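> Predicted model, plus sequence, below.
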Amino acid sequence: MVAPLIDIKDISFEYEQTKALHNISMKVEEGDFLAILGPNGSGKSTLLKIMLGLIKPSKGKIELFGVDAKNFKNREWIGYVSQKSNSFNSGFPATVEEVVAGGLAKKTGLFHRLPKSAHQQVAEALEAVGMQDFMGRSVSELSGGQQQRIFIARALVAKPKILILDEPTVGVDHQNVQAFYDMLASLNRDKNITLVLVTHDVDTVTDRITHVACLNQTIHFHGFKEQLHTMSDEQREAWYGHSVRKIHHIGGSHA
Amino acid sequence: MIEAILSYEFLQNAFAAGLIIGIIAPLLGVFIVVRRLSLIADALSHVTLAGIAGSLYLSQSVASLALLNPLFLGIAASVAGSVLIERLRSLYKHYEELAIPIILSAGIGFGAIFISLAQGFSNDLFGYLFGSVSAVSREDLLIVAGIAVVVLAFIYFFFKELFVLSFDDEYARASGLPAKWIHFMFMIITALVIAGSMRIVGILLVSSLMTIPVATAMRVTKSFKQTIILSIVFGEISVITGLVTAFYFDLAPGGTIVVTSIFLLLLVIIYKKIMVSLKKGAIA
């Protein structure tokens, strides 16, 4: 039996004595397109950071590709796209090619220069996100949506098996959000890349995903999106508070 | 001028050291600027002052240390300062920038104490503060050359990791790069360059040679590699023009080098403005 790509086993996390995540267990299997949904402050980004090893849980354990995360060496199998506004210096003097080639750094290894094939690999990654004509452009000249595509190309260039995205449409203008999620769905469908996504664009994303995890400090639901309607009103309220409305697209439920 | 360089060893030392610094200071400066660490360079230069002043005091008061090259204690203080800055940044996670004024004032504080304890090295001190054409010894030149070898090797072997870390440090950590160690080594290398550059540019102006050529290059470049090359070109023009001017007019080279680099920055800003107006005019 193939091990799950990510296996979270009963993890908890406290931030300055405040409980951020409590007894979370979930698995991400190959081919999943999972959206982690939840209100602000529900611990979505924290959970992603724990998956990526950026922060350590105070309790519990994570296995990546069947290996304890502490001993997991093949980091290039996991691509990461962070919230653009968080970590990117928008005036940085670099071309699209330089930024995307940065995604090959870990795979190439310490003390080695990037291989000669890097140019071709970057071109292929840019083609996958529809940005092949932007190779020589300065990254600071691009729009928010174009920059996010570049960051996905950077994550794709090392040919990851799973892509983890933290609110990737922050800074992307409204009319390009649909096209952005279409591109993610095609990566999942055509290139068999497993996707884990934290987002607030619930209505837009639900047509494309296969799985949903409803998080608010703890997991209130995790499974196929079609099964979401099995959540009771009490569970729904515990997850999102009293103002929650049923999502039109998921599982055929109505508001 | 060339005749004078060929005739006098001190001029050979100054020009050779200047040319080396003109490469390594802007080269490292590109990473310092894009990582928004420019003020750290200032803090480290002031810590170097404490080391230099301490060494000059020790060489006066302890006979066996009379011949000690102040650069060694300057380098040690600068490296210690870089380690302390990192410690303070991790201690004040929500106020990381506090580390800079703390270390900067500690450097000036210790420096002032050593300067007042020792008497009679005001000429030496002036050279360390603002640079000197005549004070670069063959030993200083060898130290600068040694530092340059370390810096160039570091950047050559860790270029891709430094680039990723500079562009997006969260991504660097998430992708499994040893970001913490690379950053730590980067800080040590920065401390070495600052200590090595101060003989020519002076403690008070050393950070400007790491930042102004980069600021100038960034106005006209698109790529990271172009920015590095152009920063070095602007750095070298500033150093050569500054040293020649300092030699002929008997001025502190730190001042002439920095003023030249500011002049270049202004020229590039004006050039860019003219180009933008011409473009707008052409479109209209």
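Yep, that arrived. Bear in mind the structure is a predicted one, so any value in this text is a computation, not a measurement. Numbering: from 1, shown residues only, chains lettered A, B, ... in the order given.
> how deep is residue B:170 tucked in, by neighbour count?
18 (other CB atoms under 10 Å in any protein chain shown). C-beta here means a position set from N, CA and C on the backbone, and glycine is covered the same way.
> Report whether stretch A:2-12 contacts chain B.
No - judged by CB under 8 Å from any CB of the partner chain, stretch A:2-12 makes no contact with chain B; its nearest approach is 13.8 Å.
> With adjacent residues omitted, what lies nearest to whatever residue of the stretch 1-150 of chain A ends up closest to chain B?
Of all residues in the stretch 1-150 of chain A, the one sitting closest to chain B is residue A:75 (2.9 Å; CB to the nearest CB). Computed as CB to CB, 6 or more residues apart in numbering or on different chains, the closest residue to residue A:75 that is not its neighbour in sequence is residue B:176, at 2.9 Å.
> how about low-confidence regions in the stretch 51-200 of chain A?
The model of the stretch 51-200 of chain A has pLDDT under 70 over residues A:84-88.
> Oops, could you answer that again for chain B instead?
B:1, B:120-123, B:284.
> Show me which residues of it sit near chain A.
Near chain A, when you scan chain B using CB under 8 Å from any CB, you find B:34, B:36, B:157-161, B:163-164, B:166-178, B:217-218, B:221-227.
> which stretches of the stretch 101-250 of chain A form helices?
A:105-108, A:118-128, A:144-156, A:174-190, A:202-205, A:233-240 (DSSP state H, counting those that start in this stretch).
> Break down the stretch 1-150 of chain A into its strands, ranges please.
Ranges of strands within the stretch 1-150 of chain A are A:6-15, A:18-28, A:33-37, A:59-64, A:67-68, A:78-81, based on DSSP state E, counting those that start in this stretch.
> Can you give the strand pairings for the fifth one, parallel or anti for each?
Based on DSSP bridges, the strands next to strand A:67-68 in the sheet, each with its direction, are strand A:59-64 (antiparallel).
> List the contacts of the residue in the stretch 1-150 of chain B that chain A sits nearest to.
In the stretch 1-150 of chain B, the residue found nearest to chain A is residue B:34; the distance is 5.8 Å by CB to the nearest CB. By CB atoms under 8 Å, 6 or more residues apart in numbering or on different chains, the residues touching residue B:34 are A:89, A:92-93, B:166-167.
> How about residue B:189?
With contact taken as CB under 8 Å, 6+ apart, residue B:189 is in contact with B:28, B:150-151, B:154.
> most neighbours, which of these?
That'd be residue B:28 among the contacts of residue B:189, by other CB under 10 Å, with 25 neighbours.
> near chain B, which residues of the stretch 51-200 of chain A show up?
Going by CB under 8 Å from any CB, the residues of the stretch 51-200 of chain A near chain B are A:52-54, A:75-76, A:78, A:80, A:82, A:86-89, A:91-95, A:98-99, A:101-106, A:108, A:110-111, A:113-114, A:136-138, A:151, A:154.
> follow-up on the earlier one: ok, and which of the helices of the stretch 101-250 of chain A has the densest surroundings?
helix A:144-156 (a mean of 24; mean count of other CB atoms under 10 Å in any protein chain shown).
> And that helix, what does it pack against?
When contacts are defined as 3 or more CB pairs under 8 Å, 6 or more residues apart in numbering or on different chains; DSSP states H and E, helix A:144-156 sits against strand A:78-81, helix A:84-87, helix A:96-101, helix A:118-128, strand A:162-166, helix A:174-190.
> switch to 6 Å and redo it
strand A:78-81, helix A:96-101, helix A:118-128 (3 or more CB pairs under 6 Å, 6 or more residues apart in numbering or on different chains; DSSP states H and E).
> Residue A:190 is nearest to which of those?
Of all those, helix A:118-128 sits nearest to residue A:190, with 9.1 Å by CB to CB.
> pull the CA atoms of that closest one into PDB?
Extracted in PDB, the C-alpha atoms of helix A:118-128 (Å, rounded to 0.1, in the frame of the first residue of the first chain):
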ATOM      1  CA  ALA A 118      18.300  24.900 -15.700                       C
ATOM      2  CA  HIS A 119      17.200  27.300 -18.500                       C
ATOM      3  CA  GLN A 120      15.200  24.600 -20.200                       C
ATOM      4  CA  GLN A 121      13.600  23.400 -16.900                       C
ATOM      5  CA  VAL A 122      12.600  27.000 -16.100                       C
ATOM      6  CA  ALA A 123      11.100  27.400 -19.600                       C
ATOM      7  CA  GLU A 124       9.000  24.200 -19.000                       C
ATOM      8  CA  ALA A 125       7.800  25.400 -15.600                       C
ATOM      9  CA  LEU A 126       6.800  28.700 -17.000                       C
ATOM     10  CA  GLU A 127       4.900  27.100 -19.800                       C
ATOM     11  CA  ALA A 128       3.000  25.000 -17.300                       C
END
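> what's the offset of it from the middle of its chain?
21 Å (CA atoms, centre = their mean, to the nearest Å).
> Surely residue B:182 touches residue B:161?
Yes - with contact taken as CB atoms under 6 Å, residue B:182 and residue B:161 are classed as touching, separated by 5.2 Å.
> Those two: which has the busier surroundings?
Taking other CB under 10 Å, residue B:182 and residue B:161 do not tie; residue B:161 has more neighbours (25 against 19).
> Now do the strand or helix carrying the more buried one and helix A:144-156, the angle between them.
Secondary structure assignment for residue B:161, by DSSP states H and E: helix B:138-167. Here the directions of helix B:138-167 and helix A:144-156 differ by 110 degrees (axes from the mean of the first three to the mean of the last three CA atoms, to 10 degrees).
> report the angle between the axes of helix B:138-167 and helix A:118-128?
Using the same axes, to 10 degrees: helix B:138-167 against helix A:118-128 is 20 degrees.
> Looks to me like the residue nearest to residue A:75 is in a strand.
No - read with DSSP: H, G, I helix; E, B strand; the rest coil, residue B:176 is coil and lies in no strand.
> count of residues packed around it?
Neighbours of residue B:176 (other CB under 10 Å): 20.
> so it touches residue A:106, yeah?
Yes - if you go by CB under 6 Å, residue B:176 and residue A:106 touch, sitting 5.2 Å apart.
> and the nearest residue to residue A:95 once chain neighbours are set aside, how many residues sit next to it?
In space, residue A:95 comes closest to residue B:223 once its chain neighbours are excluded; the distance is 4.4 Å by CB to CB, 6+ apart. Residue B:223 sits with 18 neighbouring residues when counted by other CB under 10 Å.
> What is the neighbour count of the residue lying closest to residue B:242 once chain neighbours are set aside?
What sits nearest to residue B:242 in space, not counting adjacent residues and going by CB to CB, 6+ apart, is residue B:257, at 3.1 Å. Using other CB under 10 Å, residue B:257 has 31 neighbouring residues.
> and the helix or strand that contains residue B:257, what other elements does it pack with?
Using DSSP H and E, the element containing residue B:257 is helix B:253-283. In terms of contacts (3+ CB pairs under 6 Å, 6+ apart), helix B:253-283 is packed against helix B:179-201, helix B:206-218, helix B:224-249.
> Out of those helices, which is the most enclosed?
By mean count of other CB under 10 Å, the helices and strands packed on helix B:253-283 have helix B:206-218 as the most buried, with a mean of 27.
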